[in-house]
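1. Test case, fold it:
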Amino acid sequence: MPIVAVDDTDSRERGMCTTYVATRIAERLADAGARIRRRLLVRLNPAVKHKTRGNAAVALHVSGVDAERATSVAVETVGEFAAAADPRTSPGVVVADRDVAGDPFDPTGSPVPDAVAAFGRRALRERLSVAEAVDTAERCGFRHAAVGSAGGADETESVAGRGRIGALAAVGAPAAFDDWTFERISYRELDRCGTRRDVDVESVFAAAEEGYPTVWDTVDREAGAAVCVPNAPGPILHGIRGDDAAACRAVAAGIDGEAVDRAATFLTNQGTDAHLAPGRIGDLRDGAGYRVAGAVAGAPETKRGGHVHVAVASDGAGDGSADGRETLRAVAFAPTDRFRDRVRALRPGDRVTLCGEHEVRSDAEGPEHTLKLEKLAVRDLVRTAPAVPTCPDCERSMSSAGRDQGYRCRDCGTSAPGKVEAPVERDIETGWYEVPPSARRHVAKPLVRGGFDAPTHPER
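-> This is a model prediction of the structure:
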């Protein structure tokens, strides 16, 4: 009863899709008498440089076929459908001969070895090597193969079959994560790939309204975009995500357009924030996702390209300045659209929790630390600001009485020792804010799913 996993079969330019390749593997295994017990779509570290847009691997839990036959079918199918002509595509297959008839999602009794579960967790937050994946697979007795790859070389990896990293992570995922959602993926006819998708957008919005909030990120209502319909030249017609498999299928069935050639429902770690780890400003790794707390240390700035930058200092007493503490530049990029207005509304001294990918770049002045924002929580807002005092008699603003001499009303002669705290109007409330659906990463958790520790302001 093997687990058959595959990754890195698609191309940014040539299209294809790992879920499609896995679906074809599943069909051929079924033709050979196997039963497909479940299909896992596992998103990996979104910061990996060589990824295609989604960075996903797929694992099939299969019964009724032995590991040797399953490996043969998987390798043959990947060789036929993967976009291996792209030198950056480096397909890999891993087959684990493990009994998945029980509950592989129970970490206390999972058939997945602890080392593979740990590898799966790390694959969401680190950059792993083919060498480690191969070593781990062989120590566990798993079959593995590099398929049709000339090397898949990039600046950090020159070993064929790089897809074995993601494939092994997908094997370990059930024991690695405890939050799962669903995606119903409908595929178009393969010879239509590269042509414009024929999807009735009005039917997408109507189906999305019917399924919300159980089904989410189908559309972006503010932008008027059908988020579930991709732009890439691959075989996916649309993908419907949500917390219930039947609800996802119902929304998919409500969409009109060109004929659906085949479809499959995947259990997935999408929409779970599985890539985010607790962190502290000043102690973050490059290329990993974090959730960090801090205090706004400067006024937000809108820079070239429409990106909004704001400095945030490590959590402490905080008075709106860095005060010698570690600082981080948080950025809401232009594609996050209206989310940038939330960042612009922040003021020095506001206390926040930030979520996103950490990146380190070095220049002549040293390393620059940036957090690419996916969501933020406003914990505490500055509600007052220093203001010139008002005369209690005539209610006019006082004037400076000289350096370090406070303020005096020229008409009434009243005085005040210094500025006073005056209330300020704020254009933002406390609670969680997120980027809109059209800018959301696959693995990022939408606020509508709930489970957050403060009021939420979901985008839809």
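
2. Mind listing residues that contact stretch 278-286?
-> With C-beta atoms under 8 Å, 6 or more residues apart in numbering as the contact definition, stretch 278-286 has outside contacts at 126, 290-292, 294, 312-315, 325-328, 358-360, 369, 371. Where you see a C-beta, it was placed from the backbone N, CA and C, and this is true even at glycine.

3. do the same with stretch 378-389
-> For stretch 378-389, using C-beta under 8 Å, 6+ apart, the contacting residues are 293, 320, 346-353, 397-398, 407, 416, 418-424, 426, 428-431, 433, 454.

4. could you redo the last one with a cut-off of 6 Å?
-> Contacting residues not belonging to stretch 378-389 are listed as 347, 349-352, 397-398, 407, 416, 419-424, 426, 430 [C-beta atoms under 6 Å, 6 or more residues apart in numbering].

5. Also stretch 59-72?
-> 1-5, 26, 29, 32-40, 95, 97, 100, 143, 170-171.

6. Just give the nearest non-adjacent residue to Gly431, would you?
-> Of all residues not flanking Gly431 in the chain, Pro455 sits nearest, at 3.7 Å (C-beta to C-beta, 6 or more residues apart in numbering).

7. Could you say which helix or strand holds the nearest residue to Thr272 once chain neighbours are set aside?
-> Leaving aside its sequence neighbours, Thr272 sits nearest to Asp179 (C-beta to C-beta, 6+ apart; 4.2 Å). Asp179 is part of no helix or strand, with elements assigned from DSSP states H and E.

8. residues near Val296, how many?
-> 25 (other C-beta atoms under 10 Å).

9. Make 24 the starting number, not 1.
-> With 24 as the first residue, the last one maps to Val319.

10. what separates it from Arg406, distance-wise?
-> With distances taken as C-beta to C-beta, to the nearest Å, Val319 is found 14 Å from Arg406.

11. Please apply the same query to Val153.
-> Per C-beta to C-beta, Val153 is found 54 Å from Arg406.

12. now Arg51
-> Shown here: Arg51 relative to Arg406, a distance of 64 Å by C-beta to C-beta.

13. Might you list the low-confidence residue ranges for the stretch 224-373 of the chain?
-> Flagging of the stretch 224-373 of the chain using pLDDT under 70 yields the residue ranges 339-347.

14. Which residue ranges of it form helices?
-> Along the stretch 224-373 of the chain, the segments classed as helices by DSSP state H, counting those that start in this stretch run 224-234, 268-276, 362-367.

15. Put together TSV for those, with mean neighbour count on each row.
-> Shown next, in TSV, are these (neighbours: other C-beta atoms under 10 Å):
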stretch	mean neighbour count
helix 224-234	18
helix 268-276	19
helix 362-367	20
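
16. Relative to Glu212, which of those is closest?
-> Judged by C-beta to C-beta, the one of these that comes nearest to Glu212 is helix 268-276, at 16.6 Å.

17. For the helices of the stretch 224-373 of the chain, please prepare a markdown table with the additional fields distance to Val411.
-> Output for the helices of the stretch 224-373 of the chain, formatted as a markdown table (distance: least, C-beta to C-beta, whole Å):
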| stretch | distance to Val411 |
| --- | --- |
| helix 224-234 | 52 |
| helix 268-276 | 58 |
| helix 362-367 | 26 |
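
18. nearest to His298, of the ones you listed?
-> Closest among these, using C-beta to C-beta: helix 362-367, at 18.3 Å.

19. Quick check: can you list the domain ranges of this protein?
-> For the chain, the structural domains run 26-201, 205-291, 299-406+449-472, 410-446, going by automatic domain parsing.

20. mind putting those domains in JSON lines, distance to Arg483 included?
-> Converted to JSON lines, the domains of the chain look like this (distance: least, C-beta to C-beta, whole Å):
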{"stretch": "domain 26-201", "distance to Arg483": "21"}
{"stretch": "domain 205-291", "distance to Arg483": "6"}
{"stretch": "domain 299-406+449-472", "distance to Arg483": "7"}
{"stretch": "domain 410-446", "distance to Arg483": "32"}
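
21. For these, state which one has the densest average packing.
-> Burial of the domains of the chain is given as mean neighbour count (mean count of other C-beta atoms under 10 Å); domain 26-201 ranks first at a mean of 21.

22. how far does that domain stretch from start to finish?
-> The straight-line separation of the ends of domain 26-201 (C-alpha to C-alpha, to the nearest Å) is 19 Å.

23. which residues does the closest residue to Asp267 other than its chain neighbours contact?
-> Distances taken as C-beta to C-beta, 6+ apart put Thr237 closest to Asp267, at 5.2 Å, once the chain neighbours are dropped. Residues in contact with Thr237 (C-beta under 6 Å, 6+ apart) are 265-267, 270.

24. Quick check: the two most widely separated of these?
-> Farthest pair in the contacts of Thr237, by C-beta to C-beta: Asp266 and Ala270, 7.5 Å.

25. Past the lengthiest strand in the chain, which element shows up next along the chain?
-> For the chain, the longest strand by residue count, based on DSSP state E, is strand 389-403. Remark: after strand 389-403, the chain's next helix or strand is strand 407-410, criterion DSSP H and E.

26. mind listing what that next one pairs with, with the direction of each?
-> Strand pairing for strand 407-410, using DSSP bridges, gives strand 443-446 (antiparallel).

27. ok now the strand it pairs with, how far from the chain's centre?
-> 41 Å (C-alpha atoms, centre = their mean, to the nearest Å).

28. and that strand, average pLDDT?
-> Taken as a whole, strand 443-446 has a mean pLDDT of 88.

29. residues making contact with that strand?
-> With C-beta under 6 Å, 6+ apart, strand 443-446 has contacts from 407, 410, 412.

30. Please apply the same query to stretch 104-116.
-> Contacts for stretch 104-116 (C-beta under 6 Å, 6+ apart): 29-34, 37, 39, 44, 47, 97-98, 101, 168-172, 175, 184-187, 190.
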